[in-house]
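1. quick one, what's the 3D model for this:
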Amino acid sequence: MTIKIILADDHQIVRQGLRTLLAAEPDMKVVGEADNGRKTLGLAHELAPDVIIMDISMPDLNGIDATRQIMQKSPDVKIIALSMHSDSLFVMNMFKSGALGYLLKDCALEELVKAIRTVMRQKTYISPGLSDILIKDLANHWGGAPISAYAVLTAREREVLQLMAEGKTTLQIASSLKVSSKTVEAHRKQLMNKLGLHSVAELTKYAIRQGLTSLDE
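-> All right, here's what the predicted structure looks like:
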C-alpha cells in the first residue's frame, strides 16, 4: 500500500525538501502541495490523502483551523504538524483539532518517516524533545494558562481575525469568506468586545501570539 501525502507549508523550499526526502521511501508518495490552509482544504477533499504534513503558520487559513475543518469532513485523514512552534499552546491546539502527530521543523527525516508510520497505525506521535517542553510548560502554567483563541472565539471569528492581521481590507475579507462587509464589521466589533482589545494593531499582536498568523507572512 502506498501512503498518499499532502505537504502544506507556505515556504516552497520546505515543500521541495520534504518531497525530495520522502521520494526515497518506496511506500510513500507526495500527491499534492499547498501554500496556505484554504488550498489544503481543497486538496484534502480532491485527493483523499492518507497523511497531511501541516505547517501551523500559513496565510489565509492557519494550520490549526485547517486541521479542524479537514477532520470535520474527512476524519480518516492523519494530520502531522510540522512547525517551528514548541509552545504548549500550539501543540495542544493542534491535537485538540484532530492532529495525530507534532514535530518541530528541525527534526531529522528519520523522525518524520517514523511519525508517518506511527499515525498510519492510528497512534499519536510527538517529538521526544517536545514532550519535555510540554510537561514543563503545562506545569508552570497549571491553573493560570493564557486563554486560547480556540476556547473564546468561534471558527468564523478566528478566520476574520487572521485575515485582519494579514492586512486584508474589510472588502477583501468579505470576498474571501463570501459574506457581506457589514458581517465582517460585526465580527470585528465582537472580536474587540470578547478580547478587550481596541485596535487592529492589538488584534494583530494577539493573532500572532495565538499562532493564527505570523510575522513573516
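2. could you chop this protein up by domain?
-> As recorded under automatic domain parsing, the domains making up the chain are 3-140, 149-209.
3. quick check: which of these is buried the most?
-> domain 3-140 (a mean of 18; mean count of other Cβ atoms under 10 Å). C-beta coordinates here come from the backbone N, C-alpha and C atoms, glycine included.
4. what average pLDDT does that one get?
-> For domain 3-140, mean pLDDT rounds to 92.
5. how about stretch 151-167?
-> 92.
6. hey, C-alpha coordinates of that stretch in CSV?
-> Output in CSV follows, covering the C-alpha atoms of stretch 151-167 (Å, rounded to 0.1, in the frame of the first residue of the first chain):
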residue,chain,number,x,y,z
ALA,A,151,-11.7,28.5,23.5
VAL,A,152,-13.1,32.0,23.3
LEU,A,153,-13.6,32.7,19.6
THR,A,154,-15.8,31.0,17.0
ALA,A,155,-14.2,29.5,13.9
ARG,A,156,-15.5,32.3,11.8
GLU,A,157,-14.2,34.9,14.2
ARG,A,158,-10.8,33.3,14.1
GLU,A,159,-10.9,33.4,10.2
VAL,A,160,-11.8,37.1,10.3
LEU,A,161,-9.1,37.8,12.9
GLN,A,162,-6.4,36.1,10.8
LEU,A,163,-7.3,37.9,7.7
MET,A,164,-7.4,41.3,9.5
ALA,A,165,-3.9,40.5,11.0
GLU,A,166,-2.6,39.8,7.5
GLY,A,167,-3.6,43.3,6.4
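7. assign E25 to helix, strand or coil.
-> Following DSSP: H, G, I helix; E, B strand; the rest coil, we place E25 in the coil state.
8. now it, nearest residue through space, not along the chain?
-> Excluding the flanking residues, the one nearest E25 by Cβ to Cβ, 6 or more residues apart in numbering is V113, at 6.1 Å.
9. didn't that neighbour look like it was pressed against P26?
-> No. Using Cβ atoms under 8 Å, V113 makes no contact with P26, being 11.4 Å away.
10. and the residue nearest the centre of the chain, how far is that from A24?
-> With distances taken as Cα atoms, centre = their mean, G63 lies nearest the centre of the chain, 1.6 Å away. In this view, G63 and A24 are 25 Å apart by Cβ to Cβ, to the nearest Å.
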